[in-house]
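A.B. asks: Dropping the sequence and predicted coords here.
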Amino acid sequence: MKKNAGMRNVFVFFFLLLFLPLALSAQNGASGTGTIKVKKPDDDEAYGVADQKAEPAYNFRAYLAKHINYPDSCKSKKQEGAVIIEFIVEKDGSITNAVVLRGVAGAVELEQEALRVARTMLPWKPAMMQGVPVRMYATIPISFRLR
């Protein structure tokens, strides 16, 4: 019988250890009226999620088709693939901080071209949070295919 009491105490200890922090954080996040406090958008923060996400204000595929210059060195080596680019869409829609998240192995020229095109894109529609334009991260694939 003492063995069961010891097991019960261990169970209660682990239960409190797991669920007490959840209960406390839920209690701290709400005011006495039962409503949750909403944080206003920060001027300098770049968001990954927003009420309305940032998007191109133009036909994006047509823009890429017109502006991408397939590097000759990659054509001759028959290098193909997709370069994943991440950047920030600023509150005015301009593109900043473009970086390569994933490139094509052995094809640095494809990465450079994808970055060039991303950095020279026309402005996008900015993301919105609570009706206010905010900075937002965006990720796009730029595909290079030989025909």
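C.D. replies: Nice, I can see it.

A.B. asks: Show me what stretch 44-61 is in contact with.
C.D. replies: 41, 63, 88-89, 93, 121-130, 134-138 (CB atoms under 8 Å, 6 or more residues apart in numbering). Quick note: C-beta positions are derived from backbone N, CA and C, even for glycine.

A.B. asks: Those in helices, which ones?
C.D. replies: Counting by DSSP state H, these place residue 63 in helices.

A.B. asks: Buried subset of the contacts of stretch 44-61 as a ChimeraX selection?
C.D. replies: Remark: buried members of these, expressed as a ChimeraX selection using 16 or more other CB atoms under 10 Å:
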select :41,88,89,93,121,124,126,127,128,129,134,135,136,137,138
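
A.B. asks: which residue ranges form the helices in the chain?
C.D. replies: Using DSSP H, helices in the chain cover 2-28, 60-67, 72-76, 108-119.

A.B. asks: Show me which residues of the third one are buried.
C.D. replies: Of the residues in helix 72-76, those buried by neighbour count under the rule 16+ other CB under 10 Å are residue 74.

A.B. asks: what's it packed up against?
C.D. replies: Counting contacts by 3 or more CB pairs under 8 Å, 6 or more residues apart in numbering; DSSP states H and E, helix 72-76 is packed against helix 108-119.

A.B. asks: Packing partners of the helix it packs on?
C.D. replies: helix 72-76, strand 81-89, strand 95-102, strand 132-144.
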